[in-house]
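Student: When you get a sec, could you give me coordinates for this:
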Amino acid sequence: MKDIAAHALIVSMDREAKRLELVRNEGNRVLGDASRPPFREESFDAILVDAPCSSLGIIRKHPEIKWHKREKDISALGDSQVKLLKTLWGALKTGGRMVYSVCSFEPEETTGVIERLRRSEKFTLENPLPFLFNKEYFLSLPHETGMDGFFIAKLRKL
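Tutor: Below you'll find the model as predicted:
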C-alpha cells in the first residue's frame, strides 16, 4: 500500500501538546483549539472530528465514568459538539467530507448532533463503513454489537 502522506497533506490539531507528540507527521501538527480554528475558509477536502464526549460508550472498561457524568453534562456536551462541527464546517470545501465520531451512544451526542447541524448546514449523509453495512451512520450499542459504544457519521458538504 502506498503511503497516503505522499499524496495528501494531513494536518493534526489538538490543544494538548502531549497528544500531538503521538503524531508521526511532525511537520503538520497544529497546537490549537478546534473551536477557534486557524484555517482559511474551504481549506480542506476532508476533516475528521473525534469530538470530546461523555465517553459513556466505554463504560464497560471504565465503570468510574458513571460517577463523573450527570444528565445535564450529556446535553452540554451535545451543545459543544454541534458548535464544534459548525465552526469547522467553514474550513471544509464544498463537496468535501467531514467524519464525526464520538465514543458515546447517547442521542444528544450522536443522531441529535447530526439533526441539529442539519438545521443550519447543507449536507448529505454517506455510509461511513460501506464494507460492513448499508446505513447512513454507524451506531454501536454494546448489547447488540458486543463492542464498545460509539458513533460515526460521514457528511458530504453540499
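Student: List the contacts of P142.
Tutor: By C-beta atoms under 8 Å, 6 or more residues apart in numbering, the residues touching P142 are 57, 60, 105, 148-149. Every residue, glycine included, has its C-beta placed from N, CA and C.
Student: Run through the neighbouring helices and strands of the strand or helix carrying S101.
Tutor: Taking DSSP states H and E as the definition, S101 sits inside strand 92-102. Other helices and strands packing on strand 92-102, by 3 or more C-beta pairs under 8 Å, 6 or more residues apart in numbering; DSSP states H and E, are strand 44-50, helix 71-89, strand 150-157.
Student: rewinding a little: out of the contacts of P142, which is nearest to K69?
Tutor: G57 (11.8 Å; C-beta to C-beta).
Student: so how far is R29 from the closest residue in space to that closest one that isn't next to it in sequence?
Tutor: Leaving aside its chain neighbours, G57 sits nearest to G149 (2.9 Å; criterion: C-beta to C-beta, 6 or more residues apart in numbering). The gap separating G149 from R29 is 30 Å, by C-beta to C-beta, to the nearest Å.
Student: quick one: which of these two has more around it?
Tutor: Neighbours were tallied for G149 and for R29 using other C-beta atoms under 10 Å; the higher tally belongs to G149 (23 against 19).
Student: quick one, what contacts the more buried one?
Tutor: Here G149 is in contact with 56-59, 103-105, 140-142 (criterion: C-beta under 8 Å, 6+ apart).
Student: CA atoms only for stretch 137-149, dumped as CSV, please.
Tutor: Provided in CSV are the C-alpha atoms of stretch 137-149 (Å, rounded to 0.1, in the frame of the first residue of the first chain):
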residue,chain,number,x,y,z
TYR,A,137,-24.2,6.3,10.0
PHE,A,138,-22.8,3.7,12.4
LEU,A,139,-24.1,3.4,15.9
SER,A,140,-22.5,0.7,18.1
LEU,A,141,-24.7,-0.4,21.0
PRO,A,142,-22.7,-2.7,23.3
HIS,A,143,-25.6,-5.0,24.0
GLU,A,144,-26.1,-5.5,20.3
THR,A,145,-22.6,-5.5,18.9
GLY,A,146,-20.5,-6.8,21.8
MET,A,147,-18.2,-3.9,21.2
ASP,A,148,-17.8,-0.5,22.9
GLY,A,149,-20.4,2.1,22.2
